[in-house]
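*Asks:* Need a 3D model of the following:
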Amino acid sequence: MFTVSQDRLLALAHSWGTKEHGLDLLQLADENVHIPEKLSVLNFQFYRTASLATSAADATTSETTCASQSTSPTIASAKPPTGTAPETSSSSSPTKQRRSSHPVASVSAIPAIPATTKATSEGMVVIHANNIRRLGTSDYDILAHLVKEHQVPEEHQFPLLNRIRVATGINVAQRRRQLLTIRILAIAVISHVLPEGDVVDKFLAFEPEIIQSLTELIHPDHKTPFVSAIPYSLSSVSVGIRTKERRVR
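*Replies:* Below is the predicted model:
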């Protein structure tokens, strides 16, 4: 059975933080709009609970232990057995030759996995990066870097990836329009996946101006490229509006 993650759908549907810069959906759809540099800066935060902090710490400890244990057999083979008399020079030659054909790895040659205890404590975690392109050549490379650095739990990785996509693509007109289309389609699907109450509490409560923004996009004079998806988004949002009105009554 095909299932859709509600949390991922909401991550795609929510605003990109452009309202603080006076940019609505119609302006973002314009190829010639000026995008402030701050919108290319990655800002993401999540709350790490005690259980997630413990899991991250245990995972780091386990990796470090495995790395150190993997060196033990090799190091042990380099030591002579306890209580064995030293070999003479005449009898040690074959042994030395055999050992030289299979060199013993040194401890320094095996990289240790550092324990990131400061990143695994419970509480609010804030990720801020001015130039995220230096963290990787692709969005997934950047995600992998940040997940490792900040020990981001799996449940927060997709919202982080979406924020990365916005930060790296908002200055490119074609990518920005693709991301806008994805957002509008996510809004269209919301009422079919989330209960009506969740549409109000988890989406409309944070996007009170979304009806007006979508209505402006659908106006014939604006000729937006993804206009066919907008009526479905409006229909989806209207379900939440009716639920909100029933609550008020």
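
*Asks:* from here on, contacts and neighbour counts on C-alpha atoms
*Replies:* Noted.

*Asks:* what about the closest residue to N171 other than its chain neighbours, neighbour count?
*Replies:* Using C-alpha to C-alpha, 6 or more residues apart in numbering and skipping the chain neighbours, the partner closest in space to N171 is I35 (6.3 Å). Using other C-alpha atoms under 10 Å, I35 has 16 neighbouring residues.

*Asks:* quick one: pLDDT of the residue lying closest to V126 once chain neighbours are set aside?
*Replies:* Leaving aside its sequence neighbours, V126 sits nearest to Q45 (C-alpha to C-alpha, 6+ apart; 4.4 Å). Note on Q45: pLDDT of 93.

*Asks:* can you pull the buried residues of the helix or strand where Q45 lies?
*Replies:* Using DSSP states H and E, Q45 maps to strand 42-48. Buried residues in strand 42-48, counted by 16 or more other C-alpha atoms under 10 Å: L42, N43, R48.

*Asks:* which of the residues you listed lies closest to T224?
*Replies:* Of all the buried residues of strand 42-48, L42 has the smallest distance to T224: 27.2 Å, by C-alpha to C-alpha.

*Asks:* and that closest one, how far is that from E196?
*Replies:* L42 sits 31 Å away from E196, going by C-alpha to C-alpha, to the nearest Å.

*Asks:* neighbouring strands for the strand holding Q45, and are they parallel or not?
*Replies:* Paired strands of strand 42-48, with direction, are strand 123-129 (antiparallel) (DSSP bridges).

*Asks:* Pull out the buried residues from the partner strand.
*Replies:* By neighbour count on 16+ other C-alpha under 10 Å, the buried set for strand 123-129 is V125, A129.

*Asks:* What are the contacting residues of that strand?
*Replies:* Contacting residues not belonging to strand 123-129 are listed as V41, L42, N43, F44, Q45, F46, Y47, R48, T49, H150 [C-alpha atoms under 8 Å, 6 or more residues apart in numbering].

*Asks:* Check whether R175 really touches G169, as I assumed.
*Replies:* Yes - assessed by C-alpha atoms under 8 Å, R175 is found in contact with G169 at 5.4 Å.

*Asks:* These two: who's more crowded?
*Replies:* Each of R175 and G169 had its neighbours counted (other C-alpha under 10 Å), and the higher figure belongs to G169 (19 against 15).

*Asks:* Could I get the pLDDT score of the more buried one?
*Replies:* In this prediction G169 is given a pLDDT of 95.

*Asks:* buried stuff in stretch 203-222?
*Replies:* Of the residues in stretch 203-222, those with enough neighbours to count as buried (16+ other C-alpha under 10 Å) are F203, L204, I210, I211, L214, E216, L217, I218.

*Asks:* Neighbours of E149, how many?
*Replies:* For E149, the count of nearby residues is 12 (other C-alpha under 10 Å).
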